[in-house]
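Engineer: coords please:
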Amino acid sequence: MNFFRRSSSISSTHSHTSTSSNTLTTPRTSTDSLPLEATIVLRKQPPLLALPVELIQHITTYLDAPSSASLCLCTRYLSYALGTAPLTGHLEAAKTRFERRSIIEGVVERAFPGHWFCAWCDVFHAWDASTSPSNILEKHRDCAAFNSYLPAGERYTYTLAYHHIRLALAHHALGPEYGIPLSALSYTQTSSPLLWRTPIPQTLSIEARISPTPEPHILLRTTLTLSLPTRLLPHKSLLPTLWPLLPPILTSHRATPNGHTGLMAALDNVLRRGWVYPATQLCSCCATDWSVHVHALPGGEWVRLVVRTWRDLGEGGSPFEGVWRAHGVGKSSGGMGGEVVRLVGGRAGDVRRGFDGADEDGVVERRGRREGEVGVEETLWTRARPRSWRTRSENEDARRREVEYRAALARGAAERLVRLDAEGRL
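Structural biologist: Below is the predicted model:
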């Protein structure tokens with residue numbers, strides 16, 4: 001099929017007296033019309049595709065089910081060589097349609113590293129190496145607002161979105177070509193907002209680490225260090241004026257507009273009354289530990305306030321996870337995430353201890369509950385003064401009913417979220 005060549009019938013009608021020089025100067029094909037110095041650059045073929053089909057099939061027998069299922073989708077050659085049997089067998093192992101859908105998402109993401117699955121759009125979005133929370137040139141899709149996000153505020157160029165969490169976990173689990181490194185979530189910047197016409201130097205520092213199996217979690221530590229004049233501390237309007245200057249990624253969550261449980265009151269007590277909070281505190285609406293410390297600077301005219309939060313951002317499997325949605329803001333209704341993580345079995349300081357136990361690569365060594373330690377319910381009930389008109393057995397029954405109520409509340413909220421997700425109403 002010589003589409004670009006002259007047919008023999010047409011050439012036979014021409015005179016055969018043409019010289020050979022004329023034949024060489026006239027291009028016969030589109031390739032002949034290229035300059036002599038032009039070269040065609042061919043893409044280097046992967047070594048795997050140069051192997052015989054029988055050898056590729058033999059190699060596949062040593063792979064696990066997810067790897068062989070993803071391998072048969074990589075190229076047309078591998079699909080013809082392996083067939084769809086590995087993919088079909090891997091999908092048939094699913095017991096429910098939700099598990100089957102999760103398997104399909106994982107297989108496709110492993111087969112195409114340059115894309116991540118967005119549950120809100122129900123499509124695979126492309127990403128590149130420049131993807132980062134601190135990249136102001138990154139173009140955010142409309143689904144980023146619905147997937148929830150954690151902004152640092154107008155004075156900072158940092159917005160942590162759901163896809164950053166998912167890509168960081170994919171980089172950790174599958175390799176560098178599947179996501180962004182954990183260091184891309186780190187950030188440090190200094191600013192000087194005005195508090196009653198007085199510049200307040202403050203430094204925001206963000207660092208992320210990963211907890212280990214059974215399911216890796218992203219742990220995020222946010223530290224804000226700011227200096228305040230001593231003369232402003234007794235002012236009654238100090239906290240209402242200072243609170244809007246704090247970064248939302250440090251103080252905010254979805255459940256309430258007043259920030260983490262007890263944080264606003266702790267700031268007021270520490271700055272105006274000189275109270276001390278030596279222990280790590282726990283938010284009752286999201287998986288967050290926080291601490292507040294004040295240090296007097298030399299000279300006595302300024303004090304340094306240090307506020308830290310440690311967040312557990314979840315597994316990154318879906319933007320509808322309650323652990324993730326309890327933290328950020330977005331366009332969907334609030335409060336839905338906080339009901340799932342209502343501290344059933346949680347302890348103050350768990351997230352902080354997990355973050356502090358990380359190694360140099362940012363991977364946390366998981367530690368179980370030490371002998372003699374109690375959960376948050378036991379701690380709260382131990383500190384609470386028993387009712388004088390109740391007996392000991394009545395107090396124990398009331399405590400048991402409270403624990404069961406919290407467990408039922410969290411279980412019901414989780415089931416409702418799963419049902420709404422299945423019906424497509426989230």
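Engineer: helix, strand or coil: sort out the residue nearest to L49 when sequence neighbours are not counted for me.
Structural biologist: Nearest in space to L49, with sequence neighbours left out and distances taken as Cβ to Cβ, 6 or more residues apart in numbering, is Y77 at 5.5 Å. All C-beta spots, glycine's among them, are computed from the backbone N, C-alpha and C. Classification of Y77 by DSSP: H, G, I helix; E, B strand; the rest coil places it in helix.
Engineer: and Y77, how many residues sit next to it?
Structural biologist: As a burial measure, Y77 scores 14 neighbours (other Cβ atoms under 10 Å).
Engineer: same thing with S183?
Structural biologist: Neighbours of S183 (other Cβ under 10 Å): 11.
Engineer: check the one 3 residues further on too.
Structural biologist: By the measure other Cβ under 10 Å, the count of residues near S186 is 19.
Engineer: ok, A168 next?
Structural biologist: Using other Cβ under 10 Å, the number of residues around A168 comes to 26.
Engineer: likewise for P298?
Structural biologist: P298: 6 neighbours (other Cβ under 10 Å).
Engineer: how close does it get to R304?
Structural biologist: Look at P298 and R304: by Cβ to Cβ, to the nearest Å, they are 11 Å apart.
Engineer: what's the answer for L242, then?
Structural biologist: 14 Å.
Engineer: could you do L282 as well?
Structural biologist: L282 is 24 Å from R304, by Cβ to Cβ.
Engineer: between those two, point out the one with more neighbours.
Structural biologist: Legend: neighbour count by other Cβ under 10 Å for L282 and R304, higher for L282 (23 against 14).
Engineer: specify the local secondary structure of the residue lying closest to the more buried one once chain neighbours are set aside.
Structural biologist: Leaving aside its sequence neighbours, L282 sits nearest to A348 (Cβ to Cβ, 6+ apart; 3.7 Å). Recorded secondary structure, A348: coil (three-state DSSP).
Engineer: my guess is A348 meets T288, correct?
Structural biologist: No - using Cβ atoms under 8 Å, A348 is not in contact with T288, being 10.4 Å away.
Engineer: of these two, who's got more company?
Structural biologist: T288 (27 against 17).
Engineer: now that one: phi and psi?
Structural biologist: phi -140, psi 130 (degrees, to the nearest 10).
Engineer: correct me, but it touches H260?
Structural biologist: Yes - between T288 and H260 there is a contact under Cβ under 8 Å: 5.6 Å.
Engineer: what touches both of those two?
Structural biologist: Common contact partners of T288 and H260 (Cβ atoms under 8 Å, 6 or more residues apart in numbering): 253, 309.
Engineer: which helix or strand lies directly C-terminal to the least confident helix or strand in the chain by mean pLDDT?
Structural biologist: Ranking every helix and strand in the chain by mean pLDDT, DSSP states H and E puts helix 376-383 at the bottom, with a mean of 39. Using DSSP states H and E, the next helix or strand after helix 376-383 towards the C-terminus is helix 392-423.
Engineer: could you give me the buried positions within that following helix?
Structural biologist: The neighbour-count check on helix 392-423 (16 or more other Cβ atoms under 10 Å) flags 399, 403, 406, 410, 413, 417 as buried.
Engineer: same thing with stretch 155-174?
Structural biologist: 156, 158-172.
Engineer: again, but for stretch 112-126
Structural biologist: Buried residues in stretch 112-126, counted by 16+ other Cβ under 10 Å: 113, 116-120.
Engineer: stretch 68-78 too?
Structural biologist: Those would be 68-74, 78, for stretch 68-78 by 16+ other Cβ under 10 Å.
Engineer: contacting residues around it?
Structural biologist: The contact list for stretch 68-78 (Cβ under 8 Å, 6+ apart) reads 48-49, 56, 60, 63, 79, 82-84, 86-87, 89-91, 107-108, 110-112.
Engineer: so the residue lying closest to Y156 once chain neighbours are set aside bridges to which residues?
Structural biologist: What sits nearest to Y156 in space, not counting adjacent residues and going by Cβ to Cβ, 6+ apart, is Q189, at 5.4 Å. Beta bridges link Q189 to L204, judged by DSSP bridges.
Engineer: per-residue pLDDT of Q189, please?
Structural biologist: For Q189, the pLDDT comes out at 91.
Engineer: kindly report the same for A184.
Structural biologist: Predicted confidence (pLDDT) for A184: 91.
Engineer: next up, identify which helix or strand the nearest residue to it once chain neighbours are set aside is on.
Structural biologist: Residue nearest to A184 in three dimensions, not counting chain neighbours: S132, with 4.5 Å by Cβ to Cβ, 6+ apart. Assigned by DSSP H and E, S132 belongs to no helix or strand.
Engineer: identify the residues contacting S132.
Structural biologist: 138, 164, 180, 184-185.
Engineer: the stretch 101-250 of the chain: helices as residue ranges?
Structural biologist: In the stretch 101-250 of the chain, the helices defined using DSSP state H, counting those that start in this stretch lie at 143-146, 162-174, 238-242, 248-251.
Engineer: hey, least reliable of the ones you listed by pLDDT?
Structural biologist: helix 143-146 - the lowest mean pLDDT of those, at a mean of 81.
Engineer: how distant is that one from the center of its chain?
Structural biologist: Put simply, helix 143-146 sits 13 Å off its chain's centre (Cα atoms, centre = their mean, to the nearest Å).
Engineer: mind listing what's buried in that helix?
Structural biologist: Result for helix 143-146 [16+ other Cβ under 10 Å]: buried residues 143-146.
Engineer: can you check stretch 251-267 too?
Structural biologist: 251-255, 259-264, 266-267.
Engineer: confidence-wise, which of the residues you listed comes last?
Structural biologist: pLDDT across the buried residues of stretch 251-267 is lowest for A255, at 80.
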